[in-house]
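Participant: Sequence unavailable; structure follows:
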């Protein structure tokens, strides 16, 4: 009987390994006729001075269904959820990849670097072919040259020298693709996120490790916020970065306070504003419970006054940004 059980276990492992191999060989896909988000702008004031926020789409990303949403209990270990994602044959609808440009009187600031046409090019990953294969199994990218962040900045007439900082909400490849194309721009992230990023290629292959770094763990965090103290990037404290682990072990969010209200740049804490507080969270969150707590905090912030939530993959975010600038509360 024991020998039979052992054989069944071995056969089961073979089937799991076979299924995993097939999953890693497959990729999510992006249909050619998928609608593409368009840039938008919100013009605000801060004590009478102009502050401008641009929503800049940098292409499309597609992920598997269980990556986009999982019904697993919050206590489910991440490796089990990752395995479920890789074995999932369904995919979620493609999403935009949004970066945000904040033009403040003290300079220009970027929130995330999006993707580029070459983010998953094999030449960049020659030293880490396994990392390339895993990333390609997890997601598909479709970025036109004119959509990549350097082209977007050039179209707006924003030179690299005007960029005071690039805030990375986390180091997944669709958020750091253009880092190497922004040489000399200080990158704001966390030491915890650098450790995580080395596991999936963002630090070496995509250039984060070569950029001048400002790590929140080494900075004086003296700006109060609902998620603990944060790092002010402007002297007036209007733009602040907070360490908010949950989506990844070292992920961050940024807050911009203007006369019209509060704007939160939340990365992938939620894929869309409509998903805030939903029962199903993204299966790729490193800590489902922490991500759920962050979402509750954002919902509470919305109840306290005019608040705009800007995720990195929300097709409705550019339109909400324009409406919020017009004086209407975000829906």
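Facilitator: Sure, I can see it. Computed from a prediction, not measured in an experiment: that's the story for all the values here. Numbers count the residues shown, from 1 in each chain.
Participant: so where's this structure uncertain?
Facilitator: The model of the chain has pLDDT under 70 over residues 1-26, 327-331.
Participant: what about residue 222, neighbour count?
Facilitator: By the criterion of other Cβ atoms under 10 Å, residue 222 has 11 neighbours. Backbone N, C-alpha and C define where each C-beta goes, glycine included.
Participant: Without its sequence neighbours, what residue ends up closest to it?
Facilitator: Once flanking residues are discounted, residue 222 sits nearest to residue 229: 6.0 Å by Cβ to Cβ, 6 or more residues apart in numbering.
Participant: Residue 258 now?
Facilitator: residue 44 (4.0 Å).
Participant: And stretch 126-141, what's buried?
Facilitator: For stretch 126-141, the neighbour count (16 or more other Cβ atoms under 10 Å) marks 128, 131, 132, 134, 135, 136, 137, 138, 139, 140, 141 as buried.
Participant: in which helix or strand would I find the residue lying closest to the first one once chain neighbours are set aside?
Facilitator: For residue 128, the nearest residue in space outside its immediate sequence neighbours is residue 201; the separation is 5.5 Å by Cβ to Cβ, 6+ apart. Under DSSP states H and E, no helix or strand contains residue 201.
Participant: what's around residue 201, how many residues?
Facilitator: Counted with other Cβ under 10 Å, residue 201 comes out at 25.
Participant: Surely residue 58 is in contact with residue 114?
Facilitator: Yes: the pair residue 58 and residue 114 qualifies as a contact (Cβ atoms under 8 Å) at a distance of 2.9 Å.
Participant: list the residues that contact both of those two?
Facilitator: 97, 98, 99, 143, 148, 149, 177, 178 (Cβ atoms under 8 Å, 6 or more residues apart in numbering).
Participant: In the sheet, which strands lie alongside the helix or strand that contains the first one, parallel or antiparallel?
Facilitator: Spelled out, it's residue 97. In the assignment (DSSP H and E), residue 97 maps to strand 95-104. Neighbouring strands of strand 95-104 in its sheet, by DSSP bridges, are strand 49-63 (antiparallel), strand 107-111 (antiparallel).
Participant: Now do the buried residues in the first one.
Facilitator: Yep, that's strand 49-63 we're talking about. Under 16+ other Cβ under 10 Å, the buried positions of strand 49-63 are 51, 53, 54, 55, 56, 57, 58, 59, 60, 61, 62, 63.
Participant: Now tabulate the residues you listed in a markdown table and tack on distance to residue 34.
Facilitator: A markdown table is the format used below for the buried residues of strand 49-63 (distance: Cβ to Cβ, whole Å):
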| residue | distance to residue 34 |
| --- | --- |
| 51 | 32 |
| 53 | 25 |
| 54 | 22 |
| 55 | 18 |
| 56 | 18 |
| 57 | 12 |
| 58 | 15 |
| 59 | 10 |
| 60 | 6 |
| 61 | 11 |
| 62 | 8 |
| 63 | 13 |
